[in-house]
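[1] Need coordinates for the following:
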Amino acid sequence: MQALVTGGGGFLGRYIVEQLVSRGDRVRSLGRGRYPELEAIGVEVVRGDVADARAVATACDGVECVFHVAALPGIGMDWRPYERVNLRGTQNVLHACRTCGVPRLVYTSSPSVVFNGRDQAGVDERTPYDFDWMERNGAHYSRSKALAEQAVLAASGGDLKTCALRPHLIWGPRDNHLIPRLIARARSGRLRRVGDGANLVDVLYVENAASAHLQAADALASPHSPVAGGAYFLSQGEPVNCWVWINQVLALAGLPPVQRQISRGAARAIGAVCETVYRGLRLKGEPPMTRFLAEQLARSHWFDISAAKRDFGYAPLVSMAEGTERLAAWLRATGDGGRGRADGK
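    Predicted coordinates for the structure are as follows:
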């Protein structure tokens, strides 16, 4: 098929692109950079921003399936960038799919769209959005992704079939977000264990996340597909202790385990102060702590993935042990875990 991957030069997007190419699909990538590494494997690279409706429409022309992966992550204090990229960008993708006659759309969402500041142990897709909690706690990323997911699922029907995938804490080689941030915080002495250290979380090796996107897209092609209009949690299927796993990652980088600890309540209070300072002084970037981040680091959040297994045959092909070995090899090869490199290479 002819596929478009928005954010094809990013961490997850590049793995999706590579898996599509390896099975013989024709692939186009939409992103703001040049990405010669994609062009080298035969990918058509279209430069543009998902917030630019004209660029999105150009990229969608002649496409049979869109993988909408591009997004603005993080815990920034300004709602407008998240609204522009994550919500308006997704609306542009939906409009382009309709006008260009694209029959399938797989949207990369996030489990944080249903996070409400409480422990989530084995919850499934019936868990509702909690927009009030998101707004009260300044969870702009979660709110923007939830609104976009709503729009994607509501658009499914007629000539366009859509679904939303919710991969949790994606990690692996070429990571340019999660792993480098953990390592950088640990090296600077700013990493603290938040809460009692007993919280369980789901994680997901990047190649498993990518293969799930292909499986969902293929399932959407079937008549009366149960995937159409559905949202699905994705993970390794085996929750890990958050802080034990973080310490394992730090050990791969030759760093000691996290020693210092702070209570959830204290972290929330510090987060509230940081948010006030960043908003009041209009500081750029992300605060070192926010109320949302404090809850994420202290709470359990792991999910029931039986719906993905049932509806499109999802199964994690790369185990935690094998993924960890691949991550260790990448860290050794890079020497710094991608520190300071935008592409994580």
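
[2] mind listing the strands for the stretch 151-300 of the chain?
    Assigned strands in the stretch 151-300 of the chain, in chain order: 161-167, 170-171, 193-194, 200-201, 204-205, 230-234, 240-241, 261-262 (criterion: DSSP state E, counting those that start in this stretch).

[3] Where does pLDDT dip in this protein?
    Applying pLDDT under 70 to the chain flags residues 336-345.

[4] same thing but 90
    Confidence mapping of the chain against pLDDT under 90 gives the ranges 285, 334-345.

[5] Can you add distance to P103 and mean neighbour count and give the strands of the stretch 151-300 of the chain back as CSV?
    Using the backbone N, CA and C atoms, a C-beta is placed for each residue, glycine as well. Below are the strands of the stretch 151-300 of the chain laid out as CSV (distance: least, C-beta to C-beta, whole Å; neighbours: other C-beta atoms under 10 Å):
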stretch, distance to P103, mean neighbour count
strand 161-167, 6, 26
strand 170-171, 27, 22
strand 193-194, 45, 24
strand 200-201, 36, 21
strand 204-205, 27, 26
strand 230-234, 16, 23
strand 240-241, 38, 16
strand 261-262, 50, 16
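
[6] Now distance to H95 too, for these, in TSV please.
    Compiled in TSV, the strands of the stretch 151-300 of the chain are given as follows (distance: least, C-beta to C-beta, whole Å):
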stretch	distance to H95
strand 161-167	13
strand 170-171	28
strand 193-194	41
strand 200-201	35
strand 204-205	30
strand 230-234	21
strand 240-241	40
strand 261-262	45
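
[7] Can you classify R143 by secondary structure?
    Here R143 is helix, with the state taken from DSSP: H, G, I helix; E, B strand; the rest coil.

[8] How about G122?
    Per three-state DSSP, the secondary structure class of G122 is strand.

[9] what's around V50, how many residues?
    28 (other C-beta atoms under 10 Å).

[10] doesn't it fall inside a helix?
    No. Going by three-state DSSP, the assignment for V50 is coil, not a helix.

[11] check contacts around it.
    Applying C-beta atoms under 8 Å, 6 or more residues apart in numbering to V50 gives the contacts T6, G7, L30, V56, H68, A70, V85, G89, T90, N92, V93.

[12] The helix ranked longest in the chain: how far from the chain's middle?
    Ordering each helix of the chain by length in residues (DSSP state H) puts helix 264-281 first. When C-alpha coordinates are averaged (C-alpha atoms, centre = their mean, to the nearest Å), helix 264-281 and its chain have centres 25 Å apart.

[13] tell me which residues of it are tucked away?
    Neighbour-count burial for helix 264-281 flags R264, A267, R268, I270, G271, A272, C274, E275, Y278 (criterion: 16 or more other C-beta atoms under 10 Å).

[14] Go through the contacts of V50 and say which is closest to E322.
    Distance to E322 across the contacts of V50 (C-beta to C-beta) is lowest for G7, with 25.7 Å.

[15] What residues does that closest one make contact with?
    G7 makes contact with G13, L30, G31, V50, H68, V69, A70, A71, according to C-beta under 8 Å, 6+ apart.
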